[in-house]
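A.B. asks: need coordinates for the following:
(chains A and B)
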Protein chains: 2
Amino acid sequence: MLKKVTAKQFRQTYTTASVQTQDSRLDETVLTIISDVRNNGDRALFRLTEELDGVSLSNLQVTGDEFREADMAISRQFKTALETARKNIEAFHVEQKEQSWFMNPDSGITLGQKVTPIERVGIYIPGGKAAYPSSVLMNVIPAKLAGVSEIAITTPPDENGNISPYVLAAAMEAGADHVYKVGGAQAIAALAYGSETIKSVNKIAGPGNAYVARAKKWVYGDVAIDMIAGPSEICIVADDTTNAAFAAADLLSQAEHDEQARPLLVTPSDAMAKAIQEEISNQTEKLERKATIRQSLEQNGHIIVTETLAEALDTANFIAPEHLQLMIEKPFESLPSITNAGAIFLGDYSPEPLGDYVAGPNHTLPTSGTAVFSSPLGVYDFVKKSSIIHYDQDALTKVSQAVSTLAEAEGLTAHANSVQIRKGENHA
Amino acid sequence: MLKKVTAKQFRQTYTTASVQTQDSRLDETVLTIISDVRNNGDRALFRLTEELDGVSLSNLQVTGDEFREADMAISRQFKTALETARKNIEAFHVEQKEQSWFMNPDSGITLGQKVTPIERVGIYIPGGKAAYPSSVLMNVIPAKLAGVSEIAITTPPDENGNISPYVLAAAMEAGADHVYKVGGAQAIAALAYGSETIKSVNKIAGPGNAYVARAKKWVYGDVAIDMIAGPSEICIVADDTTNAAFAAADLLSQAEHDEQARPLLVTPSDAMAKAIQEEISNQTEKLERKATIRQSLEQNGHIIVTETLAEALDTANFIAPEHLQLMIEKPFESLPSITNAGAIFLGDYSPEPLGDYVAGPNHTLPTSGTAVFSSPLGVYDFVKKSSIIHYDQDALTKVSQAVSTLAEAEGLTAHANSVQIRKGENHA
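C.D. replies: Alright, predicted model coming up:
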């Protein structure tokens, strides 16, 4: 069911969709919604929610009563799972906290880097038919650890105007400040520019559909955004020692997301390629979402058979996958060779769904090959830095010739004057 | 010459231009150039350089001979200034280097964060009439320290097809790998998508005009970009102890950049506001670029007189300036109150031009209020992170219930299967 190719063939044909494809109809719809929200605020949000989500809301913000109802609706088992996930996510992300620092490179000089939390952050959580409590934890917890003062969640309501109790329970567990019943491009516009009810934020994070992604691209620059996510990939590197049933189950778990998902297997072992292929056929039958899985496998799945393990690792770097599983005999020994991957899972007992929910590291990862230049979501995404510069008079005098020379080379004579005046030159 | 307002009046009227303004003519021009370069490679680059820069080039890449000529053309004084700047920039940025780390939160569990350099980076340097050797150092040095393997500079040639010897000397000093004679949107397109001569890169950094900025916005997502820079600001906080002549010189140095530059003074001292205003009038006369300076002062300059120093610091945070100078009696004591600023200069002997050239911290800073969510360019911009996840069988067993519960709440049953199969459940 998966197309079998060599590494060379694969490199010649594999392309990730350009995120930048022009789509003027989508742009028009999204830009109309953005300007509607900027001009009409809450009124636009109520109207758009009625038109697009089919529900007439009485209030945009989730109330204390709604939170209490959600708390009573969820099972003890779900609550425990949420707590386990929250604790593990916190334990990992707390290690990402950065400190401000200072240095004194010479007499009279203090330089430094001050780390300050972003003040207000908005998190978009998809809704409607499905609920994504794990995305709530993965986005809110790093923002909270960064010291963000106000964290708002927006998520579309269901046809009765309610938000999933799973999402509300996760919002409480993670410590979000507000939850708003708004979805789509209108939610992104409200977070970016504000409305009567929703305060504008400085940064927007979280996954979403094509409208949400496009709206994020348009507001980017006025506010910060986390990333524009494309289809999800898994790349499994296998050898003769891999448990074929496990590898197949993991490829299938990726394939169930949607038809665009890319399940990729890279192995120097022809026998293992065959064994995993068979396991895939057997396991698919028993899975609920087999229709989606089949489409994903057929349209985007590949088995890449390489000459050597080294070539398999090279191929993984070429793919720069969102999720990379090294299901090989000595995964830690191959770790130094990996240069491009969102998250790297080592060994037979570290499947991708473990990382999606409870392992601790973030599940918001660079997709579609963007791991060549970007990182998992982390605490570092919710702070910013300021440089600190202090020179005393003597220290400035020592470098003022260098400043003037460079400023004059660039034709910026008032820049040169600003240091000369401090030496008493050119000054009346 | 500077408009005098209260903090309240200022807040009501001050807006930074939206980076996201639609400009369909600019978009059309830029998108046409991008697709020309994608389709025609070098041929498009030669042709566009002839059309737009008015010069017919024989080669796109600067040769070894051209580097040697540049080296002979520059003065000893310039070379020394370049060396001073390079050493100081390195000494500061080396402190930003991040280490990979691992943790073992429980028996059988290894988690971590692997830091890897971005492989190939492109730096855009504006050219034509002016030369910006300082931008070369400020962009190339952090990329180099991050461990980037290939650093390419693109910069437009002058009417004789040459690149400024200042720029070439700085490229050698900083250790860039290639310099290409291409400017404008065509340079950004070549860096993003490659041509016969120019290899595509993973990230593009560096300043540029409206075409360059717009091209960066369009290729963003396919490659990473540093930021989209807007007009430059300085905000000086003064009190009764400030040296008025120094403050005036620094406001004027900002104003000489272009008419869009924003020189802002915030002070609780009416007397100091007056003294600085007078110094501005006196000093402007003697400056070469006084025409530009006057326009900047009149169109975008403000003196904001506040009730207290605390209100002045609040106003500075509201502005979130690219450059903030605390020219007050006890600048270090006010540092904790500053939450939004690109770079913070403390005291009377730390003028902004010091930071532009030789202090050490980067001069590429968030402009137009984007310091609320973004940081100076740094080594961290040229690396990316991968999460590491390893669980052994026992460790996975302990959390598999939590994984299944959360996966099932999200309707992702193949995810649940991936952990269940490892317990021997649901597996034939």
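A.B. asks: can you list the domains in chain A?
C.D. replies: Chain A breaks down into these domains under automatic domain parsing: A:24-225, A:231-373, A:392-423.
A.B. asks: would you format the ones you listed as TSV with distance to chain B, mean pLDDT and mean neighbour count included?
C.D. replies: Yep, even glycine has a C-beta here, placed from its N, CA and C like the rest. Supplementary listing: these in TSV, determined by distance: least, C-beta to the nearest C-beta, whole Å; pLDDT from 0 to 100; neighbours: other C-beta atoms under 10 Å in any protein chain shown:
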stretch	distance to chain B	mean pLDDT	mean neighbour count
domain A:24-225	3	96	20
domain A:231-373	4	95	22
domain A:392-423	4	93	21
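A.B. asks: how about the helices in the stretch 301-428 of chain A?
C.D. replies: A:309-319, A:331-334, A:352-357, A:393-409, A:413-420 (DSSP state H, counting those that start in this stretch).
A.B. asks: for the shortest one, packing partners?
C.D. replies: Judged by 3 or more C-beta pairs under 8 Å, 6 or more residues apart in numbering or on different chains; DSSP states H and E, helix A:331-334 has no packing partners among the helices and strands.
A.B. asks: dump it to CSV, restricted to CA.
C.D. replies: Taking C-alpha atoms only, helix A:331-334 is exported to CSV below (Å, rounded to 0.1, in the frame of the first residue of the first chain):
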residue,chain,number,x,y,z
PRO,A,331,19.3,5.0,18.3
PHE,A,332,21.5,7.1,20.6
GLU,A,333,24.5,6.4,18.5
SER,A,334,22.8,7.9,15.5
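A.B. asks: picking up where we left off before, pipe the domains of chain A into JSON lines and attach distance to B:Ile328 per row.
C.D. replies: Shown next, in JSON lines, are the domains of chain A (distance: least, C-beta to C-beta, whole Å):
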{"stretch": "domain A:24-225", "distance to B:Ile328": "16"}
{"stretch": "domain A:231-373", "distance to B:Ile328": "41"}
{"stretch": "domain A:392-423", "distance to B:Ile328": "15"}
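A.B. asks: nearest to B:Ile34, of these?
C.D. replies: When these are compared by C-beta to C-beta, domain A:24-225 sits nearest B:Ile34, at 15.8 Å.
A.B. asks: what does stretch A:272-281 contact?
C.D. replies: Contacts to stretch A:272-281, defined as C-beta atoms under 8 Å, 6 or more residues apart in numbering or on different chains, come from residues A:1-2, A:4, A:238-240, A:242, A:244-245, A:247-249, A:251-252, A:265, A:267, A:297, A:303, A:305.
A.B. asks: again, only using 10 Å
C.D. replies: Stretch A:272-281 is contacted by residues A:1-2, A:4, A:236, A:238-252, A:255, A:263, A:265-267, A:269, A:293, A:297, A:301, A:303-305, A:327, B:421, B:427-428 when judged by C-beta atoms under 10 Å, 6 or more residues apart in numbering or on different chains.
A.B. asks: could you pull out the strands for chain A?
C.D. replies: A:3-6, A:101-103, A:109-117, A:120-124, A:150-154, A:178-180, A:203-205, A:224-225, A:233-238, A:262-267, A:302-305, A:323-327, A:343-346, A:383-391 (DSSP state E).
A.B. asks: any chance of those in a markdown table with distance to A:Gln77 as columns?
C.D. replies: Below are the strands of chain A laid out as a markdown table (distance: least, C-beta to C-beta, whole Å):
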| stretch | distance to A:Gln77 |
| --- | --- |
| strand A:3-6 | 40 |
| strand A:101-103 | 44 |
| strand A:109-117 | 34 |
| strand A:120-124 | 25 |
| strand A:150-154 | 23 |
| strand A:178-180 | 23 |
| strand A:203-205 | 28 |
| strand A:224-225 | 35 |
| strand A:233-238 | 27 |
| strand A:262-267 | 30 |
| strand A:302-305 | 37 |
| strand A:323-327 | 26 |
| strand A:343-346 | 25 |
| strand A:383-391 | 35 |
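A.B. asks: minimum distance to A:Arg68: which of those has it?
C.D. replies: strand A:178-180 (13.3 Å).
A.B. asks: which secondary structure elements does that closest one sit against?
C.D. replies: Applying 3 or more C-beta pairs under 10 Å, 6 or more residues apart in numbering or on different chains; DSSP states H and E, one finds that strand A:178-180 makes contact with helix A:64-73, strand A:120-124, strand A:150-154, helix A:165-174, helix A:184-193.
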